[in-house]
Structure formats: structure tokens, C-alpha cells
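Student: Below is the sequence, then the predicted model.
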Amino acid sequence: MVSMVSALWALCCGLVAAWGHLTPFDELYEDGVRAYYDSDWPAVVRAMEGAAHSYRERRRLQVGCRLACAARHGLDTAGPRVVGAVLRRARCIEVCGQRGLGPASLHRANRDLELEFERRGPYNYLQLAYYKLNEPAKAAAAAHTFFLANPEHMEMRQSLERYKQMEGVGESHFIDLEARPYMPVCCQEAFDKGLKHYDEEQYSLAISAFEEAMRQFWEAETECRALCQGPQEVEDIEQHRGLHLYEIIAGHYLQVLLCEHDCVRQLSTRAGRLSPIHNYLPLHHDFLQYSYYRVGDYGGALAASTSYLLLRPADPDMLDNTAYYQLELRARGEPAPGPRQDVLDYMERYRLEKEVLQAASAEHGFPYIDPISWTVSGELEEEREISGRRTTGAETLRAPVMPVMQRKRAERASEPEQREGGEVPYSGAMVVSDSRQLNGSQRVLLDHVITPLECQQLFLVANSITTAGDGYRGKMSPHTPNERFEGATVYRALTYGVEGRISLRGATLFYEASERARAIIQAYFMLNSTLYFSYTHLVCRTAIEAGQQDNRNDLSHPIHADNCLLDPDAQVCWKEPPAYTHRDYSAILYLNGDFDGGEFIFTEPDAKTVTAAVKPRCGRMVGFSSGGENPHGVMAVTRGQRCAVALWFTLDPHFREQERIKADEAMELISLQQQLDGSVEVNSRDEL
């Protein structure tokens, strides 16, 4: 223990000696911004590179000081002595920080600027400055670094394509200048190297790489937890001043604990992504257990598989694999190791922290959100006696199966070819592009699905009944703060039509146009079973105030797939909840084209490479299968309003849209009323 403390303290002091006092990153950033507006490109490079360096080193120094002081001044004591230990640790961190940073007040930037650095904002300035200085290789590296954290930045995507075409720029120049072990994803390079060796069936090399990835992961998790021990973030300073001692202590402690508890999720999330890579930590052990099995190391395989089961205790394939390894080791007379100690320690700590946070959540009324999704309700199952599941020898068990990510890729590759090209049942509708022309599979683009007059009628309906945030739990801007999102269902339209609040003709046209779209999709893709509505939505996206549209770098709707969770980093789409896994086909029928932006795009599974773009216009419809083969999104609407009928279909009648069933019943009543009257009933709206 003494040697570890000494090593940490020496490391911390060594870092301090190497750095000296750092210039505050916010000061350098402001200098860089001023130089940018003065078009002083060399000064931009000096200031922004200095700011990025200062920010990195500040974080590294904070981690080093906190870990070293924690090792020197432990809190494993009780009573009044713990106060002394706390005070000594606080003073230790203060002195350590001042040696490297100078007075702490110099380095207390506001949270918004820290978020700008987390989003790698300086590299946006750097790429342009290097471009202006005619250094395209450095510009490419800066642009790539920024784009990794901002994958929806369309302008940067275009810049990257431009750099790729420049003389003197090669693939080796597109590097991540911010790749550091403590940054998300912490150990991706080692993990990717392991995947490469695994795919090449070089299992010994794969084991070395995956083991290195795991070492980096736990080291990064320790550093992440240290970074959580910063100043308390207070929303209402006046209210904070009125709190008593124990309220302040409890509030700050819970803030730190929530941050520490969330570290595994943070480290599993790539820069610029909102969601972590699916099953990131379990995946390491999945690949390790199978790689160890392939080299004949059943002890290593069992340690990895039982560690995996601590994280995902109900995985049936891993339960079978574990039983296989146990029986093989028993037959050989070799000891059967248990789970890895680092995973045991992590899950024990995770469980205790979760109990504290759930109790505090119930007591103080703040929401607790489990940061990981790969345990069963976050509960540890007792170690299973796997061998009890089998009563015969190992020869009755099947050999261990490959990791789930690889199985999904293999399943995708072996899927039977789907059909398309069936005759469109409406004479006016015309196929413009098929899958080949749209550079994908199960895709179609049609024009003249509805007439210009029908577009006008539906556009009027859309602007009469749509509700802000409809379909997204009332969120007015569910995908981007730069657009207002409004929607309405077909049943609401028919209800309003019957009540005379909108044109009955327009309401029934919404119903009929969606049915027309369904019939076209079923016929074109030559489906042998009935295609049912899963959801029908009349939607409009409206650009918010011209002033907010300058330099838009987001998407109107981020890249996604309709029936699975797209993981662009692994280039896999996980068909499991909360995705709408029952959806089979999708379609968007456009009502207008008099707006700027708003193109529909298909991409590769990486969510970056655009394979086809569709410019909306009246009567145009794009249809496609809903799976991971068709990632798609919507470019930013920068002026005007974009309206369309969005449709999702299913082949499973159990998932029929309930609103649609009510709409069918309403249409029957409307049709019956019209037959009884001998003509269409005209309401005041129809006369307009």
C-alpha cells in the first residue's frame, strides 16, 4: 500500500514539475476567437492549440492530485478522526493543484465553456485556420477530431470530403487528436484492434488486445470517478445559501455519487453520441470467452464467461457456454476459476451505490435513472450452480457459440434476398428510383402518388389540426431546438372533420392517401401477407426564426433505423426494445417542397456516409424496409415548413395501430351516413 501511495504521489509531483503553471484554457480560447474574427490564422492556431492542451492537462492534473491525495489520506476511519482525514485530503488536493495550475480561481471556467471543450469546439476553429494557412493535412486531422464529437455537423462532413480530395492528404491524416485513455470511448483503439484480430481468427492476438482494452477501461473508470469530485453545481445560489450544513453535504455528496455511478455509461459512449455503445462492457468479456475457448484455454474462457454473467445474468447462450467450460475443466481435473475480481468489485460497488441513490431518490424526489442496461433490473443473481443444469457429460453440450455481435452480422449476411418491383396499383403513381438507383436494398421512390390539389387539401388539414410535439410526448422540438414539430393522427383528423372543425373532405383524404400508400408498398415489395398500419402521422417541421438558422450544423431528424437500435460505431442495429421491433416497412408521403433544406437521406450503418438523398415535393413518396439495412434521417429545415404523411407498417396483426382501427370504424360510419343522405354532407369548412 505504501509503495502504491508513493508511486501516485511521485506521478502527481512529476506532472506538476513537467507542466509548471498552465495558462487558463478559457483565456486562450477567448484569444483564439478574437484572432479568428481578425482573420489572424497563425494566432488562431497558437491560441486554440494552447487552449486544447491547457484543458487536457488541467483535467489530467486534477485526476492525478485527487487519486494521489486519496491514497495518502484514506477515509477508512470513524468518528471525529474522519473530519481530520477529510481536512488533510482537502489541503493535499489544494496544494497539489496550486503547484501545477496556480490559484484555483484562475481555472474556474463556466460550465457552458467546459461543454464547448467536451464537444471539441476549438478544433472547428483549428481546421479552418489550417486550411487558410494551406496546411490541408493538419486541417483534415482537426476536422476529423471535431467531427467525431459532432457527427451531425453537415458543414464539417462536407469539409472532410473536400480534404479527402486534396493533394497531400491521405487516410493516415484523419486521426483523432483527442484520443486519450480517460476520454470516451476510453479503450476503443485496443477493442477495435481485438476485433480485427478476432475477424482474422488470430485469437491469441485478439486476447492480448481485449485484455489491454479491459485494463484501460478500469483505469479510465477510476480516473472518471476522480473527475467527479469537483465543485458543486448550484442552480439557485440564493436558495443554496439558506441550506444548513447537512443539506449542503448531502446535496454535494449525491451529485458526486450520481456522477461516479454514471462513469461506466460515459466511458461506453463515443464523443458526440447521446447513447452508449450497446452492451459495451459485456461485449469485451463475450469476445474474450470465445477467444480463450478457441485457443484451448478453458480456465480463461470460464473466468470471462462468469464475469459476463455477472453483467448479464440471464443470457441463455452464455449460461450454456459456462456449463460447457465447467464440465470440460472437471473432466480434465483442472480448477474452475470464478469471475474476474475487477468485475466482482465493480458490481458490488454498483449495487451499493444504486441502493443509496434509489433511497435518496424516494426521499428527495429526484429521478434515478439506471446508467446501465445490461443487468436484469441491476440486480445481482447468486452464483449459479451451472453444472446442475446438466446431468450428463460435456459431450451432450453443444460447443460454445460466437459473440452476439458476430452472430448478428452473420445472420444479416445470410438473410434471403427480399423481393421488389411489383406493379404499382395506382395508374398515376410512377416509380422514379429503385433500390439499385438509391444505392441500397428494399428502397423505392415514387412521384404523383397524390395530386397537387390533394397536396393543398392535406397541407390545409395539417395546419389546422396538428399539435406541437404530437407523437413525441408533447416535446415541441424533439429532435432539434431549431425547428418546431407538429403532428396529428388520422383518427383525430376524422373526428375534427365530423365535428365540422376542419373540412370533412380533407379528413377523409388523409385516411385515403395513407391507404393508397399502404397498398403501393405492399404491391411494390411483393409481400405475400397483409401489411397493417403500425402508426400513421401527419407531421410538419417548421424552421424557427430566421436568426436561429445561421450556421445550422444539426439534423432535423438524426440518423436512425425504424425497428432497431442503430449502433454506428459497431455498424450493427440491435433489434430489441425500446426499438419498435414490430415495424417492417416505412413510407413518407410529401405534401410540399417550398422550403429550404429538409432532404431525406439514407446512410451507411456508420450514420455518416450518405448513400442517397431525396428532395421532397408534392406527391413524392419514399418507401423502404424498416430495418438496419436502411438507416435514414432528415437534413435541417432552415426556412419554411415541411409537411408529410409519415407511415409505419407491420406484418404482425397483433401490432395494428389502435388509432387506425378507430379510424376504420369512423370511416364506416361516415360512409354509411353519406349513403343514407345520398350525397356527401357539406360542413362550413368544405365551402371555404
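Tutor: Cool, got the structure.

Student: tell me the contacts of the closest residue to residue 194 other than its chain neighbours?
Tutor: Among residues not flanking residue 194 along the chain, residue 209 sits closest, at 3.5 Å (Cβ to Cβ, 6 or more residues apart in numbering). To be clear about C-beta, it is placed using only N, CA and C from the backbone, and glycine gets the same treatment. By Cβ atoms under 8 Å, 6 or more residues apart in numbering, residue 209 lies in contact with 190, 191, 193, 194, 197.

Student: among those, which are in helices?
Tutor: 190, 191, 193, 194, 197 (DSSP state H).

Student: Number of residues surrounding the second one?
Tutor: If I follow you right, that is residue 191. 25 (other Cβ atoms under 10 Å).

Student: Quick check: pLDDT value at it.
Tutor: pLDDT for residue 191: 84.

Student: And it, how far from residue 620?
Tutor: Residue 191 sits 42 Å away from residue 620, going by Cβ to Cβ, to the nearest Å.

Student: do the last one as well
Tutor: Separation of residue 197 from residue 620 (Cβ to Cβ): 47 Å.

Student: Those two: who's more crowded?
Tutor: Neighbour totals were compared for residue 197 and residue 620, and residue 620 leads with 23 against 20 (other Cβ under 10 Å).

Student: List phi and psi for the more buried one.
Tutor: With angles defined as degrees, to the nearest 10, residue 620 sits at phi -80, psi 140.

Student: for the one 4 residues further on, same thing?
Tutor: With angles defined as degrees, to the nearest 10, residue 624 sits at phi -170, psi 160.

Student: hang on, the earlier thing: and the residue nearest to residue 194, that one's in a helix?
Tutor: Yes: counting by DSSP: H, G, I helix; E, B strand; the rest coil, residue 209 is found in a helix.

Student: pull the CA atoms of stretch 633-652 into PDB?
Tutor: What follows is stretch 633-652, C-alpha atoms only, in PDB (Å, rounded to 0.1, in the frame of the first residue of the first chain):
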ATOM      1  CA  GLY A 633     -32.600  10.900 -41.300                       C
ATOM      2  CA  VAL A 634     -33.700  14.400 -42.300                       C
ATOM      3  CA  MET A 635     -31.500  17.300 -43.100                       C
ATOM      4  CA  ALA A 636     -32.100  20.600 -41.300                       C
ATOM      5  CA  VAL A 637     -35.100  22.600 -42.400                       C
ATOM      6  CA  THR A 638     -33.600  26.100 -42.500                       C
ATOM      7  CA  ARG A 639     -36.600  28.100 -43.900                       C
ATOM      8  CA  GLY A 640     -40.300  27.400 -44.200                       C
ATOM      9  CA  GLN A 641     -42.400  24.500 -43.300                       C
ATOM     10  CA  ARG A 642     -42.000  20.800 -44.400                       C
ATOM     11  CA  CYS A 643     -45.200  18.700 -44.200                       C
ATOM     12  CA  ALA A 644     -45.600  15.000 -44.900                       C
ATOM     13  CA  VAL A 645     -47.600  11.900 -44.000                       C
ATOM     14  CA  ALA A 646     -45.300   9.500 -42.100                       C
ATOM     15  CA  LEU A 647     -46.300   5.900 -42.200                       C
ATOM     16  CA  TRP A 648     -45.000   2.700 -40.500                       C
ATOM     17  CA  PHE A 649     -46.300  -0.700 -41.300                       C
ATOM     18  CA  THR A 650     -46.200  -4.200 -39.700                       C
ATOM     19  CA  LEU A 651     -46.800  -7.700 -40.900                       C
ATOM     20  CA  ASP A 652     -47.900  -8.700 -37.400                       C
END
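
Student: Let me know the secondary structure of the residue lying closest to residue 573 once chain neighbours are set aside.
Tutor: If the residues on either side of it in the chain are set aside, residue 573 comes closest to residue 628, at 2.6 Å by Cβ to Cβ, 6+ apart. Classification of residue 628 by three-state DSSP places it in coil.

Student: Let me know how buried residue 628 is, in neighbour terms.
Tutor: Residues near residue 628, counting by other Cβ under 10 Å, number 22.

Student: Ramachandran coordinates for residue 622?
Tutor: Main-chain dihedrals, residue 622, degrees, to the nearest 10: phi -110, psi 130.

Student: Residue 591 is in contact with residue 645, correct?
Tutor: Yes: if you go by Cβ atoms under 8 Å, residue 645 and residue 591 touch, sitting 7.3 Å apart.

Student: between those two, who's got more neighbours?
Tutor: Using other Cβ under 10 Å as the criterion, residue 645 and residue 591 rank with residue 591 on top: 28 against 24.

Student: Which residues are in contact with the more buried one?
Tutor: By Cβ under 8 Å, 6+ apart, the residues touching residue 591 are 455, 458, 459, 462, 618, 643, 644, 645.

Student: Please identify the buried residues of the longest helix seen in the chain?
Tutor: Longest helix of the chain, by residue count under DSSP H: helix 41-72. By 16 or more other Cβ atoms under 10 Å, the buried positions in helix 41-72 come out as 41, 43-72.

Student: helices or strands next to that helix in the packing?
Tutor: Using 3 or more Cβ pairs under 8 Å, 6 or more residues apart in numbering; DSSP states H and E, the elements in contact with helix 41-72 are helix 2-19, helix 25-37, helix 81-101, helix 111-118, helix 122-132, helix 203-227.

Student: So which bits of the third one are buried?
Tutor: Think helix 81-101. Of the residues in helix 81-101, 89, 92, 93, 96, 97, 99, 100, 101 count as buried by neighbour count, 16+ other Cβ under 10 Å.

Student: Counting by contacts, list what the helix or strand hosting residue 329 packs against.
Tutor: Following DSSP states H and E, one finds residue 329 within helix 316-332. Judged by 3+ Cβ pairs under 8 Å, 6+ apart, the packing partners of helix 316-332 are helix 280-294, helix 298-311.
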